[in-house]
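Engineer: give me a 3D structure for the following:
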Amino acid sequence: MDIEAIKKILNSGTGVALKEYLQSKLYQLKNIDNVSDKDTPSHQAIEIKSQKKAYLKLKEILQDIMDLSEETKEKDPRDNYNVE
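Structural biologist: Just a heads-up that it's a prediction; the model follows:
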């Protein structure tokens with residue numbers, strides 16, 4: 001397996017869409033909304049731990065083939081200190 005060839009493809013024009021897709025799926029795993037509610041605290045803890053483990057494993061895999069950048073959230077204009 002040629003990791004450098006995979007990186008080159010993902011950084012090309014056609015690979016950018018795939019890279020964005022993979023990155024969006026990674027961040028979906030990190031989203032707390034994906035955790036389903038369970039009946040007991042122990043089952044809930046297992047659900048949360050498995051979700052975290054899946055995120056970390058996919059992140060580990062993707063870091064081998066592409067640079068991962070944190071999602072940048074658009075700044076809320078109310079956070080601006082400028083007074084006009």
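
Engineer: the residue nearest the centre of the chain and residue 46, how far apart?
Structural biologist: In the chain, the C-alpha nearest the mean C-alpha coordinate belongs to residue 27, at 2.3 Å (Cα atoms, centre = their mean). From residue 27 across to residue 46, the span is 22 Å (Cβ to Cβ, to the nearest Å). Any C-beta I mention is one placed from the backbone N, CA and C, and that applies to glycine too.

Engineer: kindly report the same for residue 33.
Structural biologist: 18 Å.

Engineer: the two: who's more crowded?
Structural biologist: Ranked by neighbour count (other Cβ atoms under 10 Å), residue 33 and residue 46 place residue 46 first, with 12 against 6.

Engineer: so who does the more buried one touch?
Structural biologist: The contact partners of residue 46, by Cβ atoms under 8 Å, 6 or more residues apart in numbering, come to residue 38.

Engineer: helix or strand for it, which one?
Structural biologist: For residue 46, the host element (DSSP states H and E) is helix 41-65.

Engineer: buried residues, that helix. List them.
Structural biologist: 51, 55, 58, 62, 65 (16 or more other Cβ atoms under 10 Å).
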